[in-house]
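[1] can you look at this prediction? I've put the sequence above it.
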Amino acid sequence: MLGDYVDRGPDSKGVIDYLINWPWEARLILLKGNHEIIMAEAGFSNDHLTYWCNVGGLETLASYDAKYANIPKSHWEFINDALPYHETKKVIYVHGGVSRKKPLEEQDPVDLAWRRFPDARKHRSGKLVVCGHTIQRKGIPSDAGHTVCLDTAACRGGWLTCFEARTRRYWQADEKGRTREGVLKPRKKSKKLKKLKGSKPAKTSSVPES
């Protein structure tokens, strides 16, 4: 999971409860988004609290009956334990992005959560970077060759995206219960290519809401 579990809907508490009690057999690796950082910093001062409330914190607080003190210890542990990145043999997963010149272990965790997709450059490791954070307004993942962005605006009525880096397949669902899928085609290597391109999603289908 790439982060931003809070501040992005009416039931942040429910989202964290669901992830803590993950019902599936698959191993779940949780990364920290910038909104988890903002939420944790809200306890530092009134200014931090005000900023949090202005970027989605009011809805998050409402899910805890409008009291910061109601946020349980288990939820703070969930936020504190979330990782700044996850690395495999071929892929780096991160919320925002990475600095191309630094090894991952030397990078600032806050910077990793706040970087933007348009600023992405190929990391020194040569690995594919998979990120979120920057909304892709066309509703499909964007592929820059070295970096794929999966933020397809689920929090604003868009699509929630799941991506398998090995096959480049992706699956999407929206709040109306519709689902669709597609494949990101390999980018053609060209120094003159400037625009980010992705594949067109498959035909949308409707499924019953559970």
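    That came through fine.

[2] now do the strands in the chain.
    For the chain, strands defined by DSSP state E occupy the ranges 85-87, 91-94, 128-131, 142-143, 147-149, 160-164, 169-173, 178-183, 205-206.

[3] any weak-confidence spans in the protein?
    187-210 (pLDDT under 70).

[4] wouldn't residue 175 be in contact with residue 157 here?
    Yes: assessed by Cβ atoms under 8 Å, residue 175 is found in contact with residue 157 at 6.8 Å. In short, each C-beta sits where N, CA and C put it, glycine included.

[5] ok, these two, which is more surrounded?
    More crowded of residue 175 and residue 157, by other Cβ atoms under 10 Å: residue 175, with 13 against 10.

[6] do you know how far that one is from residue 137?
    17 Å (Cβ to Cβ, to the nearest Å).

[7] check residue 146 too.
    To residue 137, residue 146 is 21 Å away according to Cβ to Cβ.

[8] looking at those two, which is more packed in?
    In terms of neighbours (other Cβ under 10 Å), residue 146 is the more surrounded of residue 146 and residue 137; the figures are 15 against 12.

[9] what sits against that one?
    120, 121, 122, 123, 128, 129 (Cβ atoms under 8 Å, 6 or more residues apart in numbering).

[10] most neighbours, which of these?
    Neighbour count (other Cβ under 10 Å) singles out residue 129 as the most crowded of these, with 25 neighbours.

[11] from residue 35, how far out is that one?
    Per Cβ to Cβ, residue 129 is found 20 Å from residue 35.

[12] what's across from residue 130 in the sheet?
    As for beta bridges, residue 130 partners with residue 93, residue 148 under DSSP bridges.
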